[in-house]
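Trainee: Just need the structure, nothing else, for what follows:
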Amino acid sequence: MRLLVIGLDCATPELLFTDERLTNVRRLMSMGCYGRLESVIPPITVPAWMCMATSQDPGSLGVYGFRNRTDRSYGALGITNSRSIQELAIWDQIAREGKRSYVIGVPPSFPPRKVNGVSVGCFLTPDTKRDVYTHPASIKAEIESIVGEYPVDVKGFRTDRKDWLRDEIYAMSRKHFEVVRHFLRREDWEYFQFVEIGLDRVHHGFWQYHDPQHVLYESGSPFESVIRDYYAYLDEELASVLELVDDRTAVLVVSDHGAQRLDGGFCVNEWLVREGLLTLKAYPARVTPFGTLDVDWPATRVWSEGGYYARAFLNVKGREPNGTIEAADYEAFRDEMKARFEATTDAGGRPLGTEVFKPEEVYRHVRNIAPDLIVHFGALRWRSIGGVGYRSIHTVENDTGPDGCNHAQFGCFILGAPGLTLQGELTGVHLLDIAPTLLELGGYDVPGSMQGRSMLSGRHSGGGGWSGEGEAAVRERLSGLGYLG
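Mentor: This next block holds a predicted model:
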């Protein structure tokens, strides 16, 4: 059975499952199963899509976001790319069994992933005019002959120019789907996955006009229907895609996480300064990004990186260059910080409902350099602001530009396939369950390293597949064939 995965970055079940205009979505729902899909912690595009493809949690991948500490110094942050992911993905298993895959826009996929088939880079591609962003490299010219310059993202999507942003997102998405349809018409694939990033950009750009509970909502805005209209557009594109597949194809529509309103920003390092946990040699005269602050490290106990969520790091003696926390006190102090983060409040003194996680408690393995604590302010209704120099701990403005939403823990899925016995709404499905389900559905072996549970059999993949030595041998073989890059 062929497998087609239609990735809609940030698609939320509250919209995808309820809009009566989405006739093609609803038809696919009626033909199979669907439901909310619990994402990983943290629920962000990188690493969530590769967690889905590998059935590995972020700790096991050793990738905790777009930027990760590369060593124990204070400034070494590396940007995640395709080479950051070393675990076997679903398309690698399919290659092992001699079949070809098309993987388009699945983050992170720059440099272009070396698959047995075709890969096309994602929004992390620096410049499609200058860079080779496809595998094989010749595919780049083929794409340009179809759509001209290929946009992997809308540059500057955090903007107040909303008319421009809406039009640019549509222009980008139309080119994406034209390329997808072009490759779907080929007969040489058994697995085909693409991710459309446009929905994520629409959510971030227009959620404040869509959601009456948003702090910036204004009734009657000319942009009030942009989000729902874009879902309707995607429904039309879904129809054009489904027309190109036959009745031996399983179709999965899936998102990596959901979306929800953004109530504001919590200035985490500003808070740490005021709490006496982060010490500066000189307080900045204006708002300053954390990376350019003059930190007094021998007097600092905690610092944080901002973003959709906060990554809090403890300054531990013998671990960091100028550590201040005794190793013997580490766990007690970490518990204290967890409680302090959980007790954070909004500007009115009301509890934010902040969620705090220890990596070893939510991941099967903790590889590379993980945060000491993972912090979801207000269950991600508040963004983590990393700069210092703000007049208040709480802010409506985003440090990276206008942003109307943050991510939500639950995305969604719809699965339809010939002879599928699963019908109707399913509960309790996790992002890590997707790869084992698809492999079993397609008749492939499921690697024993995969952490999820197949929706079809209810079995964890660890009950079969390769041994550790066998998987290592397969990995080496695939690398030699150029399938792993």
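Trainee: what about the residue nearest to residue 20 when sequence neighbours are not counted, how many neighbours?
Mentor: Among residues not flanking residue 20 along the chain, residue 26 sits closest, at 7.5 Å (CB to CB, 6 or more residues apart in numbering). The C-beta positions use only the backbone N, C-alpha and C, and glycine is treated the same way. The burial count assigned to residue 26 is 18, neighbours taken as other CB atoms under 10 Å.
Trainee: Quickly find the element holding residue 26.
Mentor: Per DSSP states H and E: residue 26 is located in helix 23-31.
Trainee: Please enumerate residues in contact with that helix?
Mentor: When contacts are defined by CB atoms under 8 Å, 6 or more residues apart in numbering, helix 23-31 is touched by residues 16-17, 19-20, 235-236, 238-239, 242, 251, 253, 414, 416, 420.
Trainee: With secondary structure and neighbour count as added columns, please give those in CSV.
Mentor: Formatted as CSV, the contacts of helix 23-31 follow (DSSP: H, G, I helix; E, B strand; the rest coil; neighbours: other CB atoms under 10 Å):
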residue, secondary structure, neighbour count
16, helix, 25
17, coil, 18
19, coil, 15
20, coil, 6
235, helix, 19
236, helix, 13
238, helix, 22
239, helix, 14
242, helix, 18
251, strand, 21
253, strand, 25
414, strand, 25
416, strand, 21
420, coil, 15
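Trainee: Nearest to residue 178 among those residues?
Mentor: Distance to residue 178, by CB to CB, is smallest for residue 236 among these, at 13.2 Å.
Trainee: Tell me which residues touch the closest one, please.
Mentor: Residue 236 touches residue 24, counting by CB under 8 Å, 6+ apart.
Trainee: Per-residue pLDDT of it, please?
Mentor: For residue 236, the pLDDT comes out at 98.
Trainee: Also residue 117?
Mentor: 98.
Trainee: for the residue nearest to it when sequence neighbours are not counted, what are its contacts?
Mentor: In space, and not counting its chain neighbours, residue 117 is closest to residue 100: 3.9 Å by CB to CB, 6+ apart. Residue 100 makes contact with 94, 116-117, 188-191 under the criterion CB under 8 Å, 6+ apart.
Trainee: Give me the buried entries from these.
Mentor: Buried subset of the contacts of residue 100 (neighbour count, 16 or more other CB atoms under 10 Å): 94, 116-117, 189-191.
Trainee: So residue 344 is in contact with residue 352, correct?
Mentor: Yes. Between residue 344 and residue 352 there is a contact under CB atoms under 8 Å: 5.0 Å.
Trainee: Which neighbours do the two have in common?
Mentor: In contact with both residue 344 and residue 352: 266, 377, using CB under 8 Å, 6+ apart.
Trainee: Could I get the pLDDT score of residue 481?
Mentor: Note for residue 481: predicted pLDDT of 34.
Trainee: Equivalent analysis for residue 400, please.
Mentor: 71.
Trainee: Same question for residue 75.
Mentor: 88.
Trainee: what about it, distance to residue 289?
Mentor: 12 Å (CB to CB, to the nearest Å).
Trainee: more crowded one of those two?
Mentor: Using other CB under 10 Å as the criterion, residue 75 and residue 289 rank with residue 289 on top: 14 against 10.
Trainee: Against residue 399, how distant is the more buried one?
Mentor: Where residue 399 is concerned, residue 289 sits at a distance of 8 Å (CB to CB).
Trainee: Ok, residue 105 next?
Mentor: Counting by CB to CB - residue 105 and residue 399 are separated by 27 Å.
Trainee: the more surrounded of those two?
Mentor: Between residue 105 and residue 399, counted using other CB under 10 Å, residue 105 has the larger neighbour count: 25 against 19.
Trainee: wait, that one sits on residue 121?
Mentor: Yes. The pair residue 105 / residue 121 is scored as a contact, 7.3 Å apart, by CB under 8 Å.
Trainee: how about the strands in the stretch 251-400 of the chain?
Mentor: 258-261, 264-267, 302-305, 310-314, 355-357, 373-376, 382-385, 394-395 (DSSP state E, counting those that start in this stretch).
Trainee: Now render those as JSON lines, adding mean pLDDT, distance to residue 453 and mean neighbour count.
Mentor: JSON lines is the format used below for the strands of the stretch 251-400 of the chain (pLDDT from 0 to 100; distance: least, CB to CB, whole Å; neighbours: other CB atoms under 10 Å):
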{"stretch": "strand 258-261", "mean pLDDT": "97", "distance to residue 453": "21", "mean neighbour count": "24"}
{"stretch": "strand 264-267", "mean pLDDT": "96", "distance to residue 453": "35", "mean neighbour count": "25"}
{"stretch": "strand 302-305", "mean pLDDT": "96", "distance to residue 453": "32", "mean neighbour count": "24"}
{"stretch": "strand 310-314", "mean pLDDT": "98", "distance to residue 453": "28", "mean neighbour count": "24"}
{"stretch": "strand 355-357", "mean pLDDT": "98", "distance to residue 453": "21", "mean neighbour count": "18"}
{"stretch": "strand 373-376", "mean pLDDT": "98", "distance to residue 453": "23", "mean neighbour count": "24"}
{"stretch": "strand 382-385", "mean pLDDT": "96", "distance to residue 453": "32", "mean neighbour count": "27"}
{"stretch": "strand 394-395", "mean pLDDT": "94", "distance to residue 453": "40", "mean neighbour count": "20"}
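Trainee: intersection of neighbour lists for residue 289 and residue 399?
Mentor: 386-387.
Trainee: what comes into contact with the longest helix along the chain?
Mentor: Ranked by residue count and defined by DSSP state H, the top helix of the chain is helix 162-184. If you take CB under 8 Å, 6+ apart as the criterion, helix 162-184 is touched by 4, 102, 104-105, 118, 120, 143, 146-148, 150-151, 153-154, 157, 159, 189, 192, 194, 196, 198, 201-202, 205-206, 223, 226, 230, 233-234, 237, 240-241, 244-245.
Trainee: Show me which of the residues you listed are buried.
Mentor: Buried, going by 16+ other CB under 10 Å: 4, 102, 104-105, 118, 120, 143, 150-151, 153-154, 157, 189, 192, 194, 196, 198, 201-202, 205-206, 223, 226, 230, 233-234, 237, 241, 244, out of these.
Trainee: What segments of the stretch 101-250 of the chain are strands?
Mentor: Under DSSP E, counting those that start in this stretch, the stretch 101-250 of the chain gives strands at 101-104, 117-120, 134-135, 191-196, 249-254.
Trainee: Export those to TSV and append columns for distance to residue 326.
Mentor: TSV is the format used below for the strands of the stretch 101-250 of the chain (distance: least, CB to CB, whole Å):
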stretch	distance to residue 326
strand 101-104	47
strand 117-120	48
strand 134-135	49
strand 191-196	45
strand 249-254	46
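Trainee: isn't there a helix covering residue 456?
Mentor: No. Using DSSP: H, G, I helix; E, B strand; the rest coil, the assignment for residue 456 is coil, not a helix.
Trainee: That one: neighbouring residues, count only.
Mentor: 18.
Trainee: quick one: pLDDT of it?
Mentor: 94.
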